[in-house]
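J.: Just the structure for this:
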Amino acid sequence: MIRFLITGLVRDRTRSLFPAVTVIAGVMLTVFLQTYLKGINSNMSDASSAFSTGHLKLVSRAAAKEGEQASNELAMNNVAPLLEQVRQQFPQLIWTPRIRFAGLLDIPDDKGLTKAQAPIFGFGVDLLGDRESERGVAQRTRGIEQKLCQEP
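T.: Purely as a prediction, here's the structure:
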């Protein structure tokens with residue numbers, strides 16, 4: 001039966017070439033897009049775990065009381081002395097300052113009235129700093145994850 005099907009495909013190439021090329025292209029596109037999206041999703045989760053919050057988080061008492069809904073008014077200013085203090089007390093941990101903010105974007109029309117609105121959020125990342133910068137945190141976190149995955 002299989003021999004009969006193969007001889008039929010080879011005998012009339014005009015009827016078999018286009019469907020075969022279509023199936024091959026569809027499978028290649030599906031596999032490529034699936035692996036591409038899986039890689040993006042994995043990369044986003046790695047970046048989120050490295051940049052959003054770590055295992056420990058220092059906040060003011062008022063911000064701790066508000067939790068994730070804390071406003072920017074409760075953020076800590078001039079954290080350099082505090083960072084030096086916790087780095088000396090706990091040198092095995094990585095301490096980096098971070099800021100997150102959110103708001104409502106208002107796009108006005110010619111008269112100044114609201115034309116459109118959208119929620120926005122941002123996250124400050126220091127990619128140009130020294131070894132304690134966010135880039136270093138991401139690289140060290142990735143290295144620790146690789147070591148943990150290799151251990152039995």
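J.: buried ones in the host helix or strand of residue 65?
T.: Taking DSSP states H and E as the definition, residue 65 sits inside helix 61-66. Of the residues in helix 61-66, residue 63 count as buried by neighbour count, 16 or more other C-beta atoms under 10 Å. Just so you know, the C-beta spots here come from the backbone N, C-alpha and C atoms, and that holds for glycine as well.
J.: Report the distance from the next helix or strand after it to the chain centre.
T.: Downstream of helix 61-66, the next assigned helix or strand under DSSP H and E is helix 80-89. Helix 80-89 sits 28 Å away from the centroid of its parent chain (C-alpha atoms, centre = their mean, to the nearest Å).
J.: Could you identify the helix or strand that succeeds helix 80-89?
T.: Scanning forward in sequence from helix 80-89 by DSSP H and E, the next helix or strand is strand 99-108.
J.: Need the contact partners of stretch 66-74.
T.: 59, 60, 62, 63, 101 (C-beta atoms under 8 Å, 6 or more residues apart in numbering).
J.: Can you add pLDDT and give the residues you listed back as CSV?
T.: Listed next are the contacts of stretch 66-74 as CSV, based on pLDDT from 0 to 100:
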residue, pLDDT
59, 78
60, 80
62, 82
63, 79
101, 77
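J.: now, the most widely separated pair of these?
T.: 62 and 101 (16.5 Å; C-beta to C-beta).
J.: what's residue 117 in contact with, if anything?
T.: Residue 117 sits next to 104, 105, 106, 107 when contact means C-beta under 8 Å, 6+ apart.
J.: mind checking which helix or strand the one residue sitting closest to the centre of the chain is in?
T.: By C-alpha atoms, centre = their mean, the chain has its centre lying nearest to residue 44, at 2.4 Å. Using DSSP H and E, residue 44 sits in helix 13-51.
J.: Next, the angle from that helix to strand 99-108.
T.: 120 degrees (axes from the mean of the first three to the mean of the last three C-alpha atoms, to 10 degrees).
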